[in-house]
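Asker: Take this sequence and fold it.
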Amino acid sequence: MIGSPDDRASDAEQQRQMLDSLLAIGQSRPLICFPISAIIDANSAPEIVAASALARGLAAVKFPAEACCIQGGALYVYDRAALKAFLQARAVAVSAAGLPLQPDAFVVQIATVRFAAEHLARPIIAAALGGALE
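Answerer: The predicted structure follows:
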């Protein structure tokens, strides 16, 4: 049944998990990507997740479907200082992959460019996302 208590509990759990994942952003995982469809499936809105991120001192950028390499668009949330440190620690590999060393530019590039599976950027992106690259 649509709107049943079980559905609402599941939506609330998905929202809690999404917001809890913001707490995981830091040195070991400086970046997270939320597909817009996942946010909507959790009965939330990108603006709510972005506001929660901003309240925690994180950056949040929404990429619409037409500009994003993720079908349906995505919200990228990141810790600028942690992402900068991550990129600087891997500066040679980041540069060799053709990725920018500046956090905001890095996020724009990985959100808007689909890299082939064998591209040098893929392991760097995976590491920034905490190993969660599809």
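Asker: Kindly provide the distance from Ile36 to Tyr76.
Answerer: Using C-beta to C-beta, to the nearest Å, Ile36 is found at 11 Å from Tyr76. No exception for glycine: its C-beta is placed from N, CA and C like everyone else's.
Asker: hmm, I was thinking of Ile110
Answerer: In terms of C-beta to C-beta, Ile110 sits 8 Å off from Tyr76.
Asker: Next: Ala85.
Answerer: According to C-beta to C-beta, Ala85 and Tyr76 sit 17 Å apart.
Asker: quick revisit: between Ile36 and Tyr76, what contacts are shared?
Answerer: Taking C-beta atoms under 8 Å, 6 or more residues apart in numbering as the criterion, Ile36 and Tyr76 both touch Lys62.
Asker: can you pull out the strands in the chain?
Answerer: Assigned by DSSP state E, the strands in the chain fall at 31-35, 59-63, 74-78.
Asker: Return the distance of the second one from the chain's centre.
Answerer: It refers to strand 59-63. Relative to the chain's own centre, strand 59-63 is displaced by 8 Å; criterion: C-alpha atoms, centre = their mean, to the nearest Å.
Asker: picking up where we left off before, and the strands of the chain as a markdown table, adding distance to His119 and mean neighbour count?
Answerer: Putting the strands of the chain into a markdown table (distance: least, C-beta to C-beta, whole Å; neighbours: other C-beta atoms under 10 Å) gives the following:
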| stretch | distance to His119 | mean neighbour count |
| --- | --- | --- |
| strand 31-35 | 17 | 22 |
| strand 59-63 | 19 | 19 |
| strand 74-78 | 19 | 25 |
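Asker: need those strands in JSON lines with mean pLDDT and distance to Ala51, can you?
Answerer: As requested, the strands of the chain are exported to JSON lines (pLDDT from 0 to 100; distance: least, C-beta to C-beta, whole Å):
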{"stretch": "strand 31-35", "mean pLDDT": "94", "distance to Ala51": "13"}
{"stretch": "strand 59-63", "mean pLDDT": "97", "distance to Ala51": "8"}
{"stretch": "strand 74-78", "mean pLDDT": "97", "distance to Ala51": "11"}
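Asker: Fine, thanks again, bye for now.
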